[in-house]
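**Student:** build me a model:
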Amino acid sequence: MSSVSALQDARFDGAVTVEEAGLQGMVTLKADLSAQSVVDGLKRIGLNIPGQRQIVETDTGAIAWMAPDELLFLCDHDKAGDVEAQLDAALQGQHVLIVNISDARAMFRIEGKGVREVLAKLAPVDLHPDSFGPGEIRRTRLAQVPAAFWMQDDDAFNVICFRSVARYVFDILFKASETSYLRQAKQGVL
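**Tutor:** Presented below is the predicted three-dimensional model:
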């Protein structure tokens, strides 16, 4: 496993703060999530399948619904192998795919009052508070690359992308933040 994050803690302060979140453990599970044997296997280890487009915090990280047949488990980077082994044991004999994808992804945290506006410039997602709130996750595109993001609270998002496009994602996030910052400054908001 990698011991260095994709951008080594890159950070930008503009209309919002954009920063790489560092190393993050991520394990993906592909399975028939409606199969009772999968549901029961996860329950045996104390896990429940989140609702559609939901992310649920756990004692050891979070579980995100990514698709009708996919979950993403977030944990400490050094615990991803343990999570993978625990899922494998709980779902033994089931038709599933469990993969530690920690080193294939990068994660960013975006915080500040204008966070919805910054992401709305890049993603074809309705980010109005009536349509998107804390605990929801979207798998979408940021500009031209696949990504997923979720809200932790009203002023903070986490963004996941492929590690290979981490620099591009960081750059478009800070550019969207920078232009929001300049516009707000010109309007006397800052």
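
**Student:** strand partners (parallel or antiparallel) of the lengthiest strand in the chain?
**Tutor:** Using DSSP state E, we find that the single longest strand of the chain is strand 145-153. The strands beside strand 145-153 in its sheet (DSSP bridges) come out as strand 137-142 (antiparallel), strand 156-162 (antiparallel).

**Student:** among those strands, which comes closest to Arg11?
**Tutor:** When the strands paired with strand 145-153 are compared by Cβ to Cβ, strand 156-162 sits nearest Arg11, at 14.0 Å. Any C-beta I mention is one placed from the backbone N, CA and C, and that applies to glycine too.

**Student:** list the contacts of the closest one.
**Tutor:** Residues from elsewhere that reach strand 156-162 (Cβ atoms under 8 Å, 6 or more residues apart in numbering): 21, 24, 26, 72, 104-111, 115, 119, 142, 145-152, 169, 173.

**Student:** what subset of those residues is buried?
**Tutor:** Among the contacts of strand 156-162, those classed as buried by 16 or more other Cβ atoms under 10 Å are 24, 26, 72, 105-111, 115, 119, 142, 147-151, 169, 173.

**Student:** where do the strands sit along the chain?
**Tutor:** In the chain, the strands defined using DSSP E lie at 11-13, 17-20, 25-30, 55-57, 62-67, 70-75, 97-100, 105-111, 137-142, 145-153, 156-162.

**Student:** would you format those as TSV with mean pLDDT included?
**Tutor:** Converted to TSV, the strands of the chain look like this (pLDDT from 0 to 100):
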stretch	mean pLDDT
strand 11-13	83
strand 17-20	91
strand 25-30	97
strand 55-57	93
strand 62-67	96
strand 70-75	96
strand 97-100	97
strand 105-111	94
strand 137-142	95
strand 145-153	94
strand 156-162	95
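
**Student:** how about the ones you listed in CSV, adding distance to Ala123?
**Tutor:** Below are these laid out as CSV (distance: least, Cβ to Cβ, whole Å):
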stretch, distance to Ala123
strand 11-13, 18
strand 17-20, 14
strand 25-30, 20
strand 55-57, 16
strand 62-67, 16
strand 70-75, 18
strand 97-100, 25
strand 105-111, 12
strand 137-142, 5
strand 145-153, 7
strand 156-162, 9
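
**Student:** how about stretch 23-31: buried residues?
**Tutor:** Leu23, Gln24, Gly25, Met26, Val27, Thr28, Leu29, Ala31.
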